[in-house]
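Participant: Here is my input, please return the structure:
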Amino acid sequence: MRFLNPTFIKFVLGFLAIIAIGVAAVFFLGVQDTSTPATPIVDEPR
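Facilitator: Next up is the predicted model:
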């Protein structure tokens, strides 16, 4: 398995960690903001 070298493994783990942190942050903020009306973090131009 040539593609299972340490560099590739570190890249995949880092990528999965970034995704996991992003999902956890969105989930945490969603749970914390249930008492207030949902407001987007980035205001889209209307």
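
Participant: where does the protein dip in pLDDT?
Facilitator: 1-3, 32-46 (pLDDT under 70).

Participant: and if we set it to 80?
Facilitator: Flagging of the chain using pLDDT under 80 yields the residue ranges 1-4, 30-46.

Participant: Buried residues of the host helix or strand of V26, list them for me.
Facilitator: Under the criterion of DSSP states H and E, V26 resides in helix 6-32. With burial defined by 16 or more other Cβ atoms under 10 Å, not one residue of helix 6-32 is counted as buried. C-beta here means a position set from N, CA and C on the backbone, and glycine is covered the same way.

Participant: Where does L4 sit: helix, strand or coil?
Facilitator: With DSSP: H, G, I helix; E, B strand; the rest coil as the basis, the three-state label of L4 is coil.

Participant: OK, contacts around L4?
Facilitator: Residues in contact with L4 (Cβ atoms under 8 Å, 6 or more residues apart in numbering): none are found.

Participant: please begin residue numbering at 99 from this point
Facilitator: Got it, first residue is 99 now, which makes that one L102.

Participant: That one and F109: what is the separation?
Facilitator: Distance of L102 to F109, given as Cβ to Cβ, to the nearest Å: 12 Å.

Participant: and if you look at A118?
Facilitator: For A118, the distance to F109 equals 15 Å [Cβ to Cβ].

Participant: Repeat that for A123.
Facilitator: Shown here: A123 relative to F109, a distance of 21 Å by Cβ to Cβ.

Participant: before we move on, what about F125?
Facilitator: When Cβ to Cβ is applied, the distance between F125 and F109 equals 25 Å.

Participant: Equivalent analysis for V124, please.
Facilitator: Distance of V124 to F109, computed by Cβ to Cβ: 23 Å.
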